[in-house]
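**Q** coords please:
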Amino acid sequence: MYNTYIMKAHHSLARTQVYLTQAQQARLTLACRGSAASKSELIRRAIDQFLDQAVPTDPSEKAQRLQRIAGIWAQRDEMTDPASYVRQLRAPRF
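**A** Numbers count the residues shown, from 1 in each chain. Okay, the predicted model is just below:
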């Protein structure tokens, strides 16, 4: 019966498994009750929203973003010797 529902409702769904914390599970259950949507539907919506906001992975766009940030630390005094700066940052851990 469940498979029939899935096949009629959405022709191109792929099954996946996600582990949630107990807190996430509880919040998702409450959200389902308040929205009259299934957990799966709310998860799909959340994934769509996340992916819509995600940074594009087009190589040319990545290169353009890197070009825009190149040199942003050039005027910082500690960048005259970057290796020393990195050693100083790492010192408390070693």
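
**Q** Just the endpoints, please. Distance across stretch 29-48?
**A** Stretch 29-48 has an end-to-end distance of 19 Å (Cα to Cα, to the nearest Å).

**Q** Now it: buried residues?
**A** Neighbour counts over stretch 29-48 (16 or more other Cβ atoms under 10 Å) mark no residue as buried. C-beta coordinates here come from the backbone N, C-alpha and C atoms, glycine included.

**Q** what about that stretch, distance to the chain center?
**A** How far stretch 29-48 lies from its chain's middle: 18 Å, per Cα atoms, centre = their mean, to the nearest Å.

**Q** again with stretch 61-78
**A** For stretch 61-78 - counting by Cα atoms, centre = their mean - the centre lies 23 Å from the chain centre.

**Q** next one: stretch 28-42
**A** 21 Å.

**Q** Give me the contacts around that stretch.
**A** 20, 43, 45 (Cβ atoms under 8 Å, 6 or more residues apart in numbering).

**Q** Just say helix, strand or coil for the second one.
**A** This points to Ile43. helix (DSSP: H, G, I helix; E, B strand; the rest coil).

**Q** nearest residue to it other than its sequence neighbours?
**A** The shortest distance from Ile43 to any non-neighbouring residue, by Cβ to Cβ, 6 or more residues apart in numbering, is to Val18 (6.9 Å).

**Q** cool, and the last one?
**A** Beyond its immediate neighbours in the sequence, the residue positioned closest to Arg45 (Cβ to Cβ, 6+ apart) is Ala37, lying 7.7 Å away.

**Q** Next: the first one.
**A** Sequence neighbours aside, Leu28 is the residue nearest to Leu20 in space, at 6.8 Å (criterion: Cβ to Cβ, 6+ apart).
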